[in-house]
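>>> Provide a 3D model corresponding to the input given below.
(chains A and B)
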Amino acid sequence: MHFIFKTRYEQDINLFRHGGQTFWYAALALALVAAPWLLSEYTLSQVTFIGIYAIVCLGLMLLAGFTGQVSLGHAGFLAMGAYTEAYLQANGWPFMISLPMSALVAGITGIMIGLPALRVKGMYLSIATLAFGFILEEVVVQAESITGGNAGRQLGPLTIGGINFDDGINFYFLVTGIAVVCVLGVLNLLRSPTGRAFVAIRDSEVSAQSMGINLAHYKTTAFALSAALAGIAGALYAHKIRIITPDQFGFLQSIELLMMVVIGGLGSIQGAIFGPAFWFLVQQLIVTGKDWLPPAIGQQTGLQPTIFGIILIAIVLFEPLGLYGRWLKLRTFLEIFPFYRKGMFKRQKSYMKSERMK
Amino acid sequence: MLQLLQLIVSGAAIGCIYALLALGFVLIYKATETVNFAQGDLMMVGGFLGLAAMTLIGLPFTVAFILTIAAMAVVGMGIERLVLRPLLGQPAFTFVMMTIGIGYLARGLVTMIPYWGTETHTLPVPFKDEVVWIGGEGKGLVMSVEHLVIILATVALVALLYVFFRYTRLGIAMQATSQNQLAAFYMGIPVRRVNMLIWGLSSAICGVAGLLLAPITFVHANMGFVGLKAFPAAVVGGFGSIPGALVGGLVIGIVESLAGFYLPEGYKDIAAYVVVLVMLVVKPNGLFGDNLTKKV
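As a prediction, the model looks like this:
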């Protein structure tokens, strides 16, 4: 096990805590750069999707994993980003301006949704987000002049500074670059007073409040940032998929985003990337594996939701920290071999924490 | 005037469904502080079980009705025992994700049934497509029997539940558990078993709602999305208040019915959500809710 003897302040705020981490993340960066030449076109396109979803999940992780607020309408923010991008692009805005605008529009929507947070909390807030998701889906259907209604809206080719980014490789680098910037941004945010306040709110609203944290302000900030990240991802998603329709941003999409985050591992940045990666991997396995199954099982439309439902329930029951938690256990097991004990990561049971005043 | 009355009556009928779902939801919330997001999907399962009993086995409606309720109670208790009890003592978010997972899985499992789960079915109830006239044939208020059955069944069920909670030992034990788990435990009430029974009761109510809704909307795998409107109903009535859930359900149903008539196409489906957002901003504790303040 690495024990880091800290002698300088810089060691406390370093992005990588020791040489091993630097090495492995450098290797990951190399792999990401080399990926277009190693992977087939189809796989690269899937990896690009993972990158896009990782950005949404990062935002949702900030909200659900670090601030403790459940959002059941995150697909709505995704839609805000996607339609803003489609609309601005059609009006001739360059991508470098329309992308931040997508984030901004989604972020402002996030603030509006966070506003009920001034008065309500806990599951009331998640019901507010649920309501928002449904309302937004309908608004998108109704506002035909901007969104194209149910028929959907098409996007033109994406060019930045004369270079065409519709090509698989260029678009992959664009998405990966933005995803890396977002990850670094969130990492830094979490080390700032704002990030600390988020975590404090997650762990106990009452004690956070008594430490002088303005709950409504920080919750609204969390919503805004989370929505802005979803907006960025939405803009990229729109360019990836080329034609956007309201039903891509429905309630099921919101639920699936939340499931990705939980499967990846709540409360860890890595989880926000593991989640979508695992999701797409399993999806691919189902697609390739279902021909091997008897047709009574393999050819049913319910196969995928059933498998993901079982995975989610298993994760919630047995691995509350998700895939990242599983990885932590594996790593600890290897690092301190043969001294790993069974109960090292045991969940503390507590009495039911009542939200009611009695 | 008559038209308005007509709209209110049909809205109230749908509202009764929302009220029943919200009731099941509030029962679970009050007792265990679990927000059950699988409520709508449980209703869908109830609808399918009723359908299976009537079309595959060929039972008459009344027998199928009773069997479905019993089966749903077992399903609810099974869910509590298998996947929720091991999570006792975990944060609320865990339970939210678990119930979302249950709902997602239920929808998946139903669509796994070959040639059956993905189709839309009609429940062959004996009172299909019949109407009654209130206040004279041809000029009074017209009401489909399906709506009438919903309203009557809801009233009967609520009366039954009132008697149950007021006069039976188990009902009183459930009330005690909802008020204070620890104190109830000290008084010798087996809190965990009571929680299991509450899940059973709530699922049975969902089953009733599913069977009552089925003649109107048909039985299909996405029926559960209707059940999500139980949340607006519960919030409008004040989370955790049983009379509130009933009133909230009626309010949502009537608003929806009026919105469907007076507003353009499409607004009907989101009326409930607009109402809940307004309610959350104006009066977050709902019509009947007690003031919720958090304790350290």
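>>> can you read off the pLDDT for residue 240?
Picking chain A for this. Looking at A:K240, its pLDDT reads 91.
>>> switch to chain B, that's the one I care about
pLDDT, read off for B:G240, is 74.
>>> and it, which helix or strand is it part of?
If you go by DSSP states H and E, B:G240 is not part of any helix or strand.
>>> mind checking how far it is from chain A?
The spacing between B:G240 and chain A, counted by Cβ to the nearest Cβ, to the nearest Å, is 8 Å. Just so you know, the C-beta spots here come from the backbone N, C-alpha and C atoms, and that holds for glycine as well.
>>> was I right to think that residue contacts B:A31?
No: counting by Cβ atoms under 8 Å, B:A31 is not a contact partner of B:G240; they are 10.0 Å apart.
>>> where does the prediction get shaky in the chain?
No chain in the question, so chain A it is. A:1-2, A:117-119, A:121-122, A:347-358 (pLDDT under 70).
>>> looking at chain B here, not the other one
B:128, B:135-139, B:289-296.
>>> now do the helices in it.
Secondary structure of chain B (DSSP state H): helices at B:2-32, B:39-51, B:61-79, B:92-112, B:145-167, B:169-179, B:181-186, B:191-217, B:224-227, B:230-237, B:242-262, B:267-282.
>>> now distance to chain A and mean neighbour count too, for the ones you listed, in CSV please.
What follows is those, written out as CSV (distance: least, Cβ to the nearest Cβ, whole Å; neighbours: other Cβ atoms under 10 Å in any protein chain shown):
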stretch, distance to chain A, mean neighbour count
helix B:2-32, 8, 23
helix B:39-51, 10, 27
helix B:61-79, 10, 19
helix B:92-112, 3, 23
helix B:145-167, 19, 16
helix B:169-179, 7, 17
helix B:181-186, 7, 15
helix B:191-217, 10, 24
helix B:224-227, 7, 23
helix B:230-237, 5, 31
helix B:242-262, 12, 22
helix B:267-282, 4, 20
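>>> so for A:D203, which of the ones you listed sits nearest?
helix B:92-112 (12.1 Å; Cβ to Cβ).
>>> that closest one to helix B:2-32, inter-axis angle?
Helix B:92-112 and helix B:2-32 are oriented at 120 degrees to each other (axes from the mean of the first three to the mean of the last three Cα atoms, to 10 degrees).
>>> tell me which other helices or strands helix B:92-112 touches.
helix A:123-142, helix A:251-264, helix A:303-318, helix B:39-51, helix B:224-227 (3 or more Cβ pairs under 8 Å, 6 or more residues apart in numbering or on different chains; DSSP states H and E).
>>> restricting to C-alpha, output the fourth one in CSV.
Just to be clear, that refers to helix B:39-51. The C-alpha trace of helix B:39-51 is given here as CSV (Å, rounded to 0.1, in the frame of the first residue of the first chain):
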residue,chain,number,x,y,z
GLN,B,39,-45.6,2.5,-7.9
GLY,B,40,-46.8,2.9,-11.5
ASP,B,41,-45.0,-0.3,-12.7
LEU,B,42,-46.6,-2.3,-9.9
MET,B,43,-49.9,-1.0,-11.2
MET,B,44,-48.9,-2.3,-14.7
VAL,B,45,-48.0,-5.7,-13.2
GLY,B,46,-51.4,-5.8,-11.6
GLY,B,47,-53.1,-5.0,-14.9
PHE,B,48,-51.2,-7.8,-16.6
LEU,B,49,-51.8,-10.3,-13.8
GLY,B,50,-55.6,-9.5,-14.1
LEU,B,51,-55.4,-9.9,-17.8
